[in-house]
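[1] The amino acid sequence is not available; the structure is as follows:
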């Protein structure tokens, strides 16, 4: 599949669906363009490294947020189960 980064066509192969690959390519392109505006005299290789670092940092933050959310959900689920079990044992048996 062909994607374009900074006006350069790139042939990319992989198992990622084409629509997803286009979204990823646009993300990388936008990051590189922002960095190019901020650091116009920097070599492309340096900009690519900065973009990779920025995207990796965003990924890590998202991963940590996801893990924290998962931990919170598990903790709240346990608390709800405990409340339901406590409530169930104090209720009189049904008919």
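    Cool, the structure landed. All values derive from a computational prediction rather than experimental measurement.

[2] Output the contacting helices and strands for the helix or strand harbouring residue 63.
    Using DSSP states H and E, residue 63 falls within helix 44-90. Helices and strands touching helix 44-90, as assessed by 3 or more C-beta pairs under 8 Å, 6 or more residues apart in numbering; DSSP states H and E, comprise helix 18-38. In this view, the C-beta of every residue, glycine as well, is placed from N, C-alpha and C.

[3] Go ahead and name everything in contact with stretch 22-33.
    3-6, 10, 12, 16, 47-48, 51, 54-55 (C-beta atoms under 8 Å, 6 or more residues apart in numbering).

[4] For the helix holding residue 63, give the mean pLDDT please.
    Mean per-residue pLDDT for helix 44-90: 93.

[5] distance between that helix and the chain's centre?
    On the basis of C-alpha atoms, centre = their mean, to the nearest Å, helix 44-90 sits 11 Å off its chain's mean C-alpha point.

[6] next one: stretch 32-41
    For stretch 32-41, the separation from the chain centroid amounts to 23 Å (computed by C-alpha atoms, centre = their mean).

[7] Could you tell me which residues within that stretch count as buried?
    32, 35 (16 or more other C-beta atoms under 10 Å).

[8] What mean pLDDT does that stretch get?
    96.

[9] now do stretch 11-21
    92.

[10] who touches that stretch?
    Applying C-beta under 8 Å, 6+ apart, the contact partners of stretch 11-21 are 1-3, 24-25.

[11] Determine which two of these are furthest apart.
    Using C-beta to C-beta, the contacts of stretch 11-21 reach their maximum pairwise distance at 2 and 24, which is 13.7 Å.

[12] Can you pull the phi/psi pair for residue 16?
    Main-chain dihedrals, residue 16, degrees, to the nearest 10: phi -70, psi 140.

[13] burial count for it?
    13 (other C-beta atoms under 10 Å).
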